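J.: Below is the sequence, then the predicted model.
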Amino acid sequence: MSRRIFYEHESDSRIMLKKDKKELESWTESLDFIGEEMNYLITIENLMLNDHGLYNELLNMRRENTLKSGIMYRYETSNLNAHECDDMACDSYYLNNHEKHRDLYLEHLGKYRALKRKLLSKILLKVKR
């Protein structure tokens, strides 16, 4: 059974705030999972490949993920005042800020997926030998 998030009596701006909050929760949850997964990937790389360049890329990605997580958690805290907007300029600020954070998250996710793909393909090549 799905939980209802939006109601007919709510204003468009209130609905947007709720939607943005749910999206941000999804981003932070995803970044937390990536952080956990990075620990596994680093260990696997170390045990199977021992490729110093790739190992350093993984360490850098884990550090970047930690930084991005911090940015998103700070954004979540700063976003608590968004419901107090009473004019279009304020609404526009929060909307643009949210879009900036979405772009940051999606760019990071793309880089992470590319690095993960690189690691997995190298493991497959090694296993096939």
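T.: Great, that's in hand.

J.: from here on, contacts and neighbour counts on C-alpha atoms
T.: OK.

J.: Give me the longest helix you can find in this structure.
T.: As assigned by DSSP state H, the longest helix anywhere in the chain is helix 88-128.

J.: next helix or strand past the host helix or strand of residue 23?
T.: Using DSSP states H and E, the element containing residue 23 is helix 12-48. Proceeding N to C from helix 12-48, the next assigned helix or strand is helix 52-78, under DSSP H and E.

J.: Run through the neighbouring helices and strands of that next one.
T.: helix 12-48, helix 88-128 (3 or more Cα pairs under 8 Å, 6 or more residues apart in numbering; DSSP states H and E).

J.: Comparing the ones you listed, which comes out most buried?
T.: helix 12-48 (a mean of 15; mean count of other Cα atoms under 10 Å).

J.: Please state the offset of that one from the chain centre?
T.: 4 Å (Cα atoms, centre = their mean, to the nearest Å).

J.: which one of the helices and strands packed on helix 52-78 lies closest to residue 78?
T.: helix 88-128 (9.9 Å; Cα to Cα).

J.: before we move on, the earlier item: okay, the helices and strands packed on helix 52-78 in JSON lines with distance to residue 57 next?
T.: Listed next are these as JSON lines, based on distance: least, Cα to Cα, whole Å:
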{"stretch": "helix 12-48", "distance to residue 57": "10"}
{"stretch": "helix 88-128", "distance to residue 57": "8"}
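
J.: got those helices as TSV, with distance to residue 74 and mean pLDDT columns?
T.: Shown next, in TSV, are the helices and strands packed on helix 52-78 (distance: least, Cα to Cα, whole Å; pLDDT from 0 to 100):
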stretch	distance to residue 74	mean pLDDT
helix 12-48	11	93
helix 88-128	11	95
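
J.: between the ones you listed, which one is nearest to residue 59?
T.: That would be helix 12-48 among the helices and strands packed on helix 52-78, by Cα to Cα, at 7.4 Å.
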